[in-house]
Each structure stands twice: as structure tokens, then as C-alpha cells.
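> Kindly generate the corresponding structure for this input.
(2 chains)
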Amino acid sequence: MKVSKCWIFLLYTHDYFRYTDIRVMLMTTSIITQKMIAQALKELMIDKAFQKISVSDIMKQCTMRRQTFYYHFQDKYELLAWIYQSDTKEQINDFLDYERWDTILYQLFVYFYDHQKFYKNALSITEQNDFSEYLYEELHALFTHVIKDLTHEDLPTQIDFQARFFAYGFVGLTKDWLISGCKTSPEIMRDVVYDLLDHQLNISSHEGADCQ
Amino acid sequence: MKHIINEKNSAVKAMLSAYHFEHQDRLAIDTQHNIIYQKDVSGVSLISGGGSGHEPAHFGYVGEGMLSASVSGDLFTPPFPDAILRAIERTDTGAGALLIVKNFASDVEVFTEAKRLAKQKGHHVEMVIVSDDVSVDNKETYSKRKRGVAGTVLIYKILGYFKQHGLSLSELCTIADDLMPHLFTLGVALSSAALPETDPFFSLASNEVYFGVGIHGEKGYRKEPFQSSEQLAIELYNKLKHLHRFKPGEQYAFLINGLGATPLLEQYVFSHDIKRLAHLDKITIDFIKTGTQLSSYNMHGISLSCLKITDPRFKEALRMPVAASHW
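As a prediction, this is how the structure comes out:
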């Protein structure tokens, strides 16, 4: 169905319709286009503060029309939140059924290490910063998965308590690591976290028992 | 479910007979053993095969520059060792035979037995086993399934090129060993395959997709609601990216493979998504091929194979034109 320009104009000017509603009507969102726009912002943020980057800068970087940005995002803050959400989902949630938890954690450390300049810059943004929230949400799912698998604990409240404990700790640890410039390698970070979890959950003995 | 066949038991022979009739100028048939082979063979003989139901694999790749012979079993059932032995006898001109086998226990068993029988008769025979399937085999350890799936066709193509350029049996084995660690495949189903007179292998809600399914209906690792081709492309691409650890500037070959009931339009939409994702990661696509190459009978789904180009000759090998009907 084609929507005439005149009709769009009427909708746009009508109080009942927000801009986002029209955006949805005009075109379907492409995740890969969103990723391309996100990559442009990430590249710019390697050596430029987020506050100093405009939508025009971002779209020039990815050689797309400025209007394309608004088909996919309301503003650069929405784009930043989308990056947090998409990165953490693709690095954690999408791997829950595919790799062991320690491989996922390692992959996450490697990912942050490779994109440390962007994340260090992003974490300094105070206006709207949901990074911790998105990372926490995905890590909570990961640790719930780990605790269920390894401890065979069946009390939901107990599982949730432990998962929240580890997720909050991991978020804080990761933020400190990024802000201080990733001075330790992803391998050392992985080993430290594994040892901590091993100590708390007694993973080695569970895995040993599972193998028998 | 309806199938365009007359009798289940005669379907494979009818298919091979019709295929041979179509390509009789360059191919011969052994109807007793379900073998399609080149009329004019030279150099090392490259032989592959397995159960039927994966068309155009395997006979669609017999021809100058690819396979010397294919041996077909019944639907999803490997051929008998004596049929494979017969294919060796028909195509070994003295340079030896290389058996290219998909890593399924029953296939490996029959090809190993055929190799033994052929060696007893004085043939030089080697075997390479393709295990590119990186879906999850064990949900406790997350070990990968390592069966042989669509990436096998890329192995046919590259080994076919080197065979044509006069490499010996042992040199071809070395090339195969170099290729195998860099070849991964992962698929997704929109619906299960169903063979004649059998139920579908797994159930899937009308809005669901199943990531990581095998070509014989082996279970996948996750079901989720379908959203778009991009959703499928991102999931499969990210898993292969993780295993390969893509780095900017690296060179790769991609094979986008329809699993039997996937329209070419859908395959190319998916292929377009893969091209854009590779561009995003700044990796170079040295070669890309889209089409139904190794199917799972009538499954609606798609698989993505990715081979790291570690030797510039592999790119040339993939690009060289061949006489095989379905490459």
C-alpha cells in the first residue's frame, strides 16, 4: 500500500501521531543498516567525544543519506542505546545455546577489548547511559543459565539471588576494566572470573561429576 | 504430504537414469550400482557419494574439473561398499582414487570398507572426511556435531581443480588437510524435511525457525520466532565469525545453500545480507556462490558455509569454470 506524501504530511502534523509512528509506516527497519550506522558512530567515537558528533557526521562516515538515519533511529542517544542492546545480545544471549558459558565470557572480554576506545568513550557519557543496564540484563540470563546447569539448584529465588550477585559484580568489574584502559588481557580477565566462579559454585567438582 | 514419484523404491534409479539420459554425451551410468561417472577420465579419480535425497549432490558434480564418479544409495541411506568399489574400478586409470566422504558414521564405514577392498585389488586409494557442520552435538559440553554437509561441495571444487592440474593422490590429500580446519557450515530450517511415506523429522510452529539442523533432520540448537532474512543471516554469520575469528582484510569464500525447498529469490536475499555483513566486518569475499548444492530433500531452509582462503590458489580453484552440470 502506498502512502501519499500529502497523507504523511497530515499525519505528521497531527497531535495524535508521534514521529516514530510515521517512521514505522514509511519503511521497514533493516537491522544490517542499523549495524552500519552503529559502526560509523563507533569509528567516530574512537577519537572524538560523543557530544561533538552530529547525525550528519555519522551518516557521512557510513556514506548514507542523512534521512536514512531517521528511518532507523530518533536521535544519536537512541542509536547509542541500540548499540548497547545489540552488542550485548549478540555477544551473550545469542550464544547461550551454542557455546559453554566460559567461552561466552571470554568472547565478551575479547569483544570489549577490541572495542575498548569506543566503550571507554561511551561510558563517560552521563546524559543517558544505559550500558550497565543492558549488560546486566544479558549477564543475568547467562549466569542463571550457568547456575542452573552447574549446581542443579532448583530454588528459583536462590538461583536468581546468585545470578544477580554475579551479574552486578561482572558489570562493575568490566566497567572498571574498560575505564582504566584494559590493562590486563582478556585471557587474564577470563581466568580471574573463572576462578572466582569456581570458588563460589565449585564448578570443577560439578563438571568432574558430570563427566563420570 | 505429496511427492512427485511413482514408487519410493524405484525413485533413485529413475532419477539417475533420467539424469544420465540428459548428460549422456559426457557421462556414463552403471545402473546396477547407481554410479554416474565420466566417460573420459584421467589423473587421480575423485569419487564421492552417499544417500540420495541431497540432490544435486552428488551426481550433479561429476564432470571435468570436479568429481570423476558419484555413487548413490537409497534415500538418506549410504551406498554399499561393492558399489563404491565398482566406481573405483571404473575410474582409476592407475593414478589412484580419492574418496571424499561426508562425516556420518555409516558413510565412513562403507567407504572405509570399499577402500579396503580396492586396496586388496591393487588400487591406490585414500579417503578424506569432510566434517564442516558446526552445530551443537552435545548440550552439556557444547561440542560441535562435525558431520559433513554443504561445505563438501567446495572441497569437490578445489580438489577437482588440483586434480586437473596434475597433482598426485598424496598431494591432493595434503591440500584436503589444509582446507578442512578452515571450513565451517551452519544451517537453519523453516520447516522439516519429510521423505515419502514418513513423518517430518521434527515439528516446528508455523512462525518458528530452527537453527543448527542437520541434513538428515538432526536437531538444531535453538528455535525462535521468524522475523526476517537478516535475522537468520546475522545468527549464522555471527557463529561462523566467532569460530573463524574474522579479522579485517582476511579473505573468505561463502556458499549459500538452499536445503531443498527454498526459492532462489529467498536464497539471494539471504546472500545479499551476508554480503553486507561481510562488508561491515571489512573481510574480503573472494568467492561467493548461491544455489541449492547439497539439500536435505524438501526442507525449507538455508545453510551458510564459510571457507578461509589460506592459499591464493584456492580462490582460483573455486572460480575456474567446470563441466559439472550443477556447479
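
> residues touching the residue in the stretch 1-150 of chain B that chain A sits nearest to, list them.
Here the stretch 1-150 of chain B gets closest to chain A at one residue, residue B:142, 4.8 Å apart by Cβ to the nearest Cβ. For every residue, glycine as well, the C-beta is placed using N, CA and C. Each residue near residue B:142 by Cβ atoms under 8 Å, 6 or more residues apart in numbering or on different chains is listed here: A:98, A:99, A:100, A:103, B:136.

> all helices of the stretch 51-200 of chain B, in order?
Along the stretch 51-200 of chain B, counting by DSSP state H, counting those that start in this stretch, helices occupy B:81-91, B:105-120, B:151-164, B:169-179.

> Run through the helices of chain A in chain order.
Under the criterion DSSP state H, chain A carries helices at the ranges A:5-13, A:19-26, A:31-44, A:55-61, A:66-72, A:76-91, A:101-114, A:116-123, A:131-151, A:156-179, A:186-201, A:203-211.

> Take those and lay them out in a markdown table including mean pLDDT.
Listed next are these as a markdown table, based on pLDDT from 0 to 100:
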| stretch | mean pLDDT |
| --- | --- |
| helix A:5-13 | 47 |
| helix A:19-26 | 46 |
| helix A:31-44 | 97 |
| helix A:55-61 | 98 |
| helix A:66-72 | 97 |
| helix A:76-91 | 93 |
| helix A:101-114 | 93 |
| helix A:116-123 | 90 |
| helix A:131-151 | 86 |
| helix A:156-179 | 91 |
| helix A:186-201 | 87 |
| helix A:203-211 | 54 |
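
> got those helices as CSV, with distance to chain B columns?
Listed next are these as CSV, based on distance: least, Cβ to the nearest Cβ, whole Å:
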stretch, distance to chain B
helix A:5-13, 24
helix A:19-26, 15
helix A:31-44, 5
helix A:55-61, 13
helix A:66-72, 13
helix A:76-91, 6
helix A:101-114, 7
helix A:116-123, 15
helix A:131-151, 8
helix A:156-179, 18
helix A:186-201, 12
helix A:203-211, 6
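
> Residue numbers of the stretch 1-150 of chain B in contact with chain A?
Residues of the stretch 1-150 of chain B lying near chain A by Cβ under 8 Å from any Cβ of the partner chain: B:136, B:139, B:140, B:141, B:142.

> since we're on the third one, how many residues are nearby?
Read that as residue B:140. Neighbourhood size, residue B:140 [other Cβ atoms under 10 Å in any protein chain shown]: 10.

> ok so, going back, can you pull the pLDDT of the residue nearest to the residue of the stretch 1-150 of chain B closest to chain A when sequence neighbours are not counted?
Spatial nearest neighbour of residue B:142, chain neighbours left out: residue A:100 (4.8 Å); criterion: Cβ to Cβ, 6 or more residues apart in numbering or on different chains. Per-residue confidence at residue A:100 stands at 91 (pLDDT).

> And residue B:139, by the same measure?
87.

> Kindly report the same for residue B:190.
For residue B:190, pLDDT reads 98.

> Could you double-check that it sits in contact with residue B:300?
Yes - at 4.3 Å, residue B:190 counts as touching residue B:300 under the criterion of Cβ atoms under 8 Å.

> what do these two both touch?
residue B:262.

> Compute the number of surrounding residues for the residue nearest to residue B:142.
Residue A:100 has 16 nearby residues by other Cβ under 10 Å.

> again, but for residue A:165
Quick note: residue A:165 (other Cβ under 10 Å) scores 13 neighbours.

> Max pairwise distance over the residues of the stretch 1-150 of chain B next to chain A: which two?
B:136 and B:140 (10.1 Å; Cβ to Cβ).

> sorry, back to before: what about the helices of chain A, which gets the closest to residue B:91?
helix A:101-114 (44.0 Å).

> Show me which positions of that closest one end up buried.
Across helix A:101-114, burial judged by 16 or more other Cβ atoms under 10 Å in any protein chain shown covers A:101, A:102, A:104, A:105, A:106, A:107, A:108, A:109, A:110, A:111, A:112, A:113.

> Could you figure out how far that helix is turned away from helix A:156-179?
30 degrees (axes from the mean of the first three to the mean of the last three Cα atoms, to 10 degrees).

> For helix A:101-114, list the C-alpha coordinates in PDB.
Listed next in PDB are the C-alpha coordinates belonging to helix A:101-114 (Å, rounded to 0.1, in the frame of the first residue of the first chain):
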ATOM      1  CA  TRP A 101      29.500 -20.100  29.500                       C
ATOM      2  CA  ASP A 102      33.200 -19.600  29.900                       C
ATOM      3  CA  THR A 103      33.700 -19.400  26.100                       C
ATOM      4  CA  ILE A 104      30.900 -16.700  26.100                       C
ATOM      5  CA  LEU A 105      32.600 -14.700  28.900                       C
ATOM      6  CA  TYR A 106      35.900 -14.900  27.100                       C
ATOM      7  CA  GLN A 107      34.400 -13.800  23.800                       C
ATOM      8  CA  LEU A 108      32.800 -10.900  25.700                       C
ATOM      9  CA  PHE A 109      36.100  -9.800  27.100                       C
ATOM     10  CA  VAL A 110      37.700 -10.000  23.700                       C
ATOM     11  CA  TYR A 111      34.900  -8.000  22.200                       C
ATOM     12  CA  PHE A 112      35.200  -5.200  24.700                       C
ATOM     13  CA  TYR A 113      39.000  -5.300  24.400                       C
ATOM     14  CA  ASP A 114      38.800  -4.900  20.600                       C
END
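
> tilt between it and helix A:76-91?
Going by the same axes, to 10 degrees, helix A:101-114 makes 140 degrees with helix A:76-91.

> Show me what helix A:101-114 is packed up against.
helix A:76-91, helix A:131-151, helix A:156-179, helix A:186-201 (3 or more Cβ pairs under 8 Å, 6 or more residues apart in numbering or on different chains; DSSP states H and E).

> what does that helix rub up against?
So helix A:101-114 is in contact with A:87, A:91-92, A:95-96, A:99, A:119, A:142, A:145-146, A:149, A:174, A:177-178, A:182, A:185-187, A:189-190, A:193-194, B:142, B:242, going by Cβ under 8 Å, 6+ apart.
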